[in-house]
Each structure stands twice: as structure tokens, then as C-alpha cells.
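> Show me the folded form of this:
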Amino acid sequence: MRGDNPGDYFSLRDALRIYWRRGGIDGKLATVDDKGRALPLTMGVKDRKSIKDARLLERGELIKPKQSIKRGFPRVIALSDVPPPPKKQSGRLELAKWLTSPKHPLTARVMANRIWRHLIGEGVVRTTDNFGFTGERPSHPELLDHLALKFVDGGWSVKALVREIVLSRTYRQDSTWRKAAFLKDPDNRLLWRANKRRLDAECIRDAMLSVSGRLDTSRRRGSLVATVRSQAVSLFGFNKALPADLDGSNHRSVYLPVVRDRLPDVLDLFDFAEPSLVTGDRETTNVPLQALYLLNSEFVADQAKSLAGRLRNVDEDAHAQIRHAYKLCFGRQPVDGELKAATTFMNETDLQTLCQSLLATAEFRNLD
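So this is what the prediction gives:
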């Protein structure tokens, strides 16, 4: 975009920033609700009056446009019953119909594979983000087809497909190791046992809130940073109204603010997906900063304190408190050695420190 003075240019982002900061009173009032709280801002698109075919850009560079490319669908997976884009329309509607057609060979399979990967720990196609020729072949092609058909027949319902998978014998297996099965399938591609895996960052945080008794399952109104107006992300750390780790509520992690280059600590440290990318397969790392967070985080200490209070309300006996803590954190009772060690540790420190130690264990953040 061009400014008022010759040679002045600014981006769309700059224009929006100027609009929200210096617009008229009507524009400022439009950014808040009746109670003065900031409203979310989203970008949208609409068709131009003049529809044209796009130019091929050599090596993707804007300054090197080549011949025009006629609008249409990839020939390798084109569908016969989807008409080509009308000359006077952009083609977005036709693209949406093409992507969601029950006859589309990829859409339902890609989504079914991602749901399977989320629940089982590994996709039927292990290269979750790559269904192309350079990706891996499915370990169970018929299973992938079955899941895709179930997904489409169920009205593209994610909840229905999740229910279908979690009620299966495969999902309900434990992770017990068996020598005979291991010798035949060491990578567990045939799913003879459950895969041990770490919880996602959001689940780790929600689990802490749950065992502490402080999890707020209500719907949060707006993001924590929604009230911050006209402030650069790099300055969030200097804002006294925001907690240092951007984690200032007991709501579920789905309501945490996701700001590029400034994620809440628990998400950033435990391999949250890159916000600017579409990620079907997250990395799982084990680094010292994670342990330091679990030992020093104010959030973790608060949950440990609440868990300790919850245990004291149940029973005054130390052994009973430890057994209840193990049941809440691990879903099991402590063995004799664990009970003895926990009792000694609690006598030397206190119940809250013991609770924080349990929250920091590998067993708490791993599915077995």
C-alpha cells in the first residue's frame, strides 16, 4: 500500500495497526463489546470484481511471473462430478466441494489417519504430514480405508470416529512386552501392544489442574491477552497485568493464549506445535528445561499446594494420604517400597513437596 507522501509504502499489517490505533471514534468503539472488552479480529476474503487466472511464478518469486495457469483441480486426483470453476467466480466454493467430496481419495483418509495417530500414538501412515510418494505406505491399508469410510458415513463426525476407535480392542490394550511378539514385530507396526507415549503439553497441564481439584471446565470468555491493546508481543514481559508465563487461569489449556514467539511456558517446553504451521505429528523431546520447569514453576507449585490440601481433607493419616495421592496421580496404589520411600520423604520435607515430586515424575506425564 502507498501512503500520502510520494515514496511512502506500508504493509496491510501496518494499515490495520494504524486503523485500530488512530481510527475514528466509531472505529474504536467497534473494537470492544458493550462492557469495553476487546473483540477478536479476524481476516476474511471475498471475490474480486475481475476474476483472472494466476501467473506461474518462477521459483516462487513475485518479480518473475511467467505464463497464466488455467484454474482447475490437480489432474492426478481430479473428480469427474466436480465442475470446473466458473469464469466469473474465484473457484473457492468449488474447491471446498472438491475437498469434502465423499469420492475424494485423500481428505477422509488424511483426517482418519490423524485421529488414529492421536489416539494410538502412531498413524496407520507414519508420515502423518506426508501422504505423497515420498511418504511411507500404510501398515494396514484396509484399516485406513475402513476408518475413512466410517468417517464419511458418520457425517464427517470426529467424535463418532473417536468413539469407534476407543471402543476397539486395539486401543484398550496395555503396553506389556511379549518376547514372541517382539521377535516377529519389533517396531509394533501390527499393534500387538499399546505404545508407551508422553502426554501432549496441554494434557500435562490439564492433568495437574485435575488432580489438584482446581480445573475449571467452564468456557473462558476471550484470551488472556485479549485485553492488551496495541502492544507488541516482545513487550508482554514488561506488562504487569500479564503473568510472566502467560498462564493465569485454571481453565483448560485449550483457552491458553497462543501468540507467535511468545507461548505459555508449559506449552513451549513440552513440544507444542508450531503455531504458524499445520502440524499432524508433534515432536517429543526430553530436555533439562522440562525438569527445571516442573521443579521451579509457580504454576506447578500452586497445583502441588492444592493437591496437598485436597489430601489433608480426605484423611489425616500419612499413609492414607500417600495412597490417595498415588491413586489420583497414577491411577494405582503404591507398592510397599514406594509407600516406605514416600513416607520417609514426607517426614523429611512436607506433603506439598511430596505432591510436587509426584507431579514431576515421568509416570505422571506418560501413558502406559
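
> for Arg197, phi and psi?
Backbone dihedrals for Arg197, given as degrees, to the nearest 10, come out at phi -150, psi 160.

> Test my guess that it contacts Asp271.
No. With contact taken as CB atoms under 8 Å, Arg197 and Asp271 are classed as non-touching, separated by 11.8 Å. Using the backbone N, CA and C atoms, a C-beta is placed for each residue, glycine as well.

> Mind listing the shared neighbours of these two?
Residues within reach of Arg197 and of Asp271 at once, by CB atoms under 8 Å, 6 or more residues apart in numbering, are Thr284.

> So for the two, which residue has more residues nearby?
Each of Arg197 and Asp271 has its neighbours counted (other CB atoms under 10 Å); Asp271 has more, 17 against 14.

> tell me the strands in the stretch 251-368 of the chain, going along the chain?
366-367 (DSSP state E, counting those that start in this stretch).

> Where do the helices of it begin and end?
Along the stretch 251-368 of the chain, counting by DSSP state H, counting those that start in this stretch, helices occupy 265-269, 288-296, 298-314, 318-330, 336-348, 351-359.

> Now do the SS call for Ser68.
Classification of Ser68 by DSSP: H, G, I helix; E, B strand; the rest coil places it in strand.

> Contact partners for Glu316?
Residues near Glu316 by CB under 8 Å, 6+ apart: none.

> re earlier: where among the helices of the stretch 251-368 of the chain is average confidence lowest?
When the helices of the stretch 251-368 of the chain are compared on average pLDDT, helix 265-269 comes out lowest at a mean of 91.

> which outside residues touch that helix?
201-202, 204-205, 245-247, 253, 256, 258, 287, 289-290, 293, 297, 299.

> same deal with stretch 102-119?
77, 79, 81, 98-101, 123-125, 128, 131, 138, 144-145, 147-152, 156, 158, 161-162, 165-166, 171, 280-281.

> same check, this time on stretch 341-357
Applying CB under 8 Å, 6+ apart, the contact partners of stretch 341-357 are 294-295, 300-301, 304-305, 307-308, 311-312, 318-319, 321-322, 325, 334.

> Buried residues, that stretch. List them.
Residues 342-343, 346, 351-352, 354-357 are the ones in stretch 341-357 that count as buried (16 or more other CB atoms under 10 Å).

> Do you know the pLDDT at the closest residue to Thr279 other than its chain neighbours?
Distances taken as CB to CB, 6 or more residues apart in numbering place Ala273 nearest to Thr279, at 3.9 Å, with adjacent residues excluded. Here, the pLDDT recorded for Ala273 equals 89.

> okay, and the helix or strand of this structure with the least pLDDT?
Lowest on mean pLDDT, DSSP states H and E among the helices and strands of the chain sits helix 12-22, with a mean of 57.

> about what we covered before: what's the farthest-apart pair in the buried residues of stretch 341-357?
Distance extremes for the buried residues of stretch 341-357: the farthest pair is Thr343 and Gln356 at 16.5 Å, using CB to CB.

> ok, which stretches of the stretch 1-150 of the chain are strands?
Assigned by DSSP E, counting those that start in this stretch, the strands in the stretch 1-150 of the chain fall at 54-57, 65-69.

> Now do the shortest one: which elements does it pack against?
Secondary structure elements in contact with strand 54-57, counted by 3 or more CB pairs under 8 Å, 6 or more residues apart in numbering; DSSP states H and E, are strand 65-69.

> tell me which strands and helices the strand it packs on is in contact with?
So strand 65-69, by 3+ CB pairs under 8 Å, 6+ apart, packs with strand 54-57.

> Parallel or antiparallel, list what pairs with the strand it packs on.
Using DSSP bridges, the strands paired with strand 54-57 are strand 65-69 (antiparallel).

> for the partner strand, the distance to its chain's centre please.
Taking the mean of its C-alpha atoms, strand 65-69 sits 38 Å from the chain's own mean (CA atoms, centre = their mean, to the nearest Å).

> And the contacts of that strand?
Strand 65-69 is contacted from outside by 52-58, using CB under 8 Å, 6+ apart.

> With pLDDT, distance to Arg219 and neighbour count added, can I get these in JSON lines?
Below are those laid out as JSON lines (pLDDT from 0 to 100; distance: CB to CB, whole Å; neighbours: other CB atoms under 10 Å):
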{"residue": "Lys52", "pLDDT": "80", "distance to Arg219": "43", "neighbour count": "9"}
{"residue": "Asp53", "pLDDT": "81", "distance to Arg219": "44", "neighbour count": "14"}
{"residue": "Ala54", "pLDDT": "82", "distance to Arg219": "41", "neighbour count": "10"}
{"residue": "Arg55", "pLDDT": "87", "distance to Arg219": "45", "neighbour count": "13"}
{"residue": "Leu56", "pLDDT": "88", "distance to Arg219": "46", "neighbour count": "12"}
{"residue": "Leu57", "pLDDT": "88", "distance to Arg219": "43", "neighbour count": "13"}
{"residue": "Glu58", "pLDDT": "89", "distance to Arg219": "49", "neighbour count": "10"}
